[in-house]
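>>> Okay, sequence plus prediction incoming.
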Amino acid sequence: MSTDTAAQTTAATTIEANKALVHRYYAELVTGQRIELLEELVAADAADETRVGPGGAGTREDFAEHLRVLWETVEGVTATVEDLVAEGDRVIAFWRIEGKHVGHVFGVPATGRDFVGHSISTLTIKDGRVVRYNVLPDRLGIIRQLTPALV
């Protein structure tokens, strides 16, 4: 096997492992609410940019707080990965969230309504753990479902 072929094989294996990690992140951590997986899936000094801002420094605790808020505001939350695009150390996840609105979400007080939202997240992975996370949710789509009288 040539050096180029070996490097391509290693890169492809890493990309597939990164994709598998992202699937676990959403299925087992977000949906399964298995907070104990944070240590396995997220680096201690990882940055959840939804908490610390783009380029900010953070800790695993920022991820834990993000998840706690999600679980408190969306009853029965289910996060489903619809598609993944990966290159190098980055994975872009196209995913869907479903659940019952039971707390403030995007400024809207609890309505008890079921909703479905779509998001695109960027996860940067190093040494088999997430080191950076950012999400772009379809806020307007969710707000419209939660406040149909405003549409």
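Okay, I see it.
>>> Could you look up the next helix or strand downstream of the worst-scoring helix or strand of the chain on mean pLDDT?
Here the helix or strand of the chain ranked lowest by mean pLDDT, DSSP states H and E is helix 3-24, holding a mean of 80. Note on helix 3-24: by DSSP states H and E, the next helix or strand toward the C-terminus is helix 38-41.
>>> how many other residues sit next to V102?
16 (other C-beta atoms under 10 Å). C-beta: built from backbone N, CA, C; applies to glycine.
>>> which phi and psi does it have?
When read as degrees, to the nearest 10, the backbone of V102 gives phi -120, psi 10.
>>> Also P109?
The phi/psi pair for P109 (degrees, to the nearest 10) is phi -60, psi 160.
>>> Now do it against H101, distance only.
9 Å (C-beta to C-beta, to the nearest Å).
>>> Then T122?
Taking C-beta to C-beta, one finds T122 at 25 Å from H101.
>>> go on, A110?
6 Å.
>>> So between those two, which is more surrounded?
Applying other C-beta under 10 Å to A110 and H101 shows that H101 carries more neighbours, namely 21 against 14.
>>> check contacts around K19.
If you count contacts by C-beta atoms under 8 Å, 6 or more residues apart in numbering, K19 has them with L84, A86, V91.
>>> who's in contact with the closest residue to I92 other than its chain neighbours?
Among residues not flanking I92 along the chain, V85 sits closest, at 4.5 Å (C-beta to C-beta, 6 or more residues apart in numbering). Neighbour list for V85: V91, I92, F94 [criterion: C-beta under 8 Å, 6+ apart].
>>> What of T111?
Applying C-beta under 8 Å, 6+ apart, one finds that T111 lies in contact with H101, L146, T147.
>>> could you dump these to TSV with secondary structure, pLDDT and distance to G56?
Shown next, in TSV, are the contacts of T111 (DSSP: H, G, I helix; E, B strand; the rest coil; pLDDT from 0 to 100; distance: C-beta to C-beta, whole Å):
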residue	secondary structure	pLDDT	distance to G56
H101	strand	98	28
L146	helix	95	28
T147	coil	93	31
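>>> Many thanks, I have nothing further to ask.
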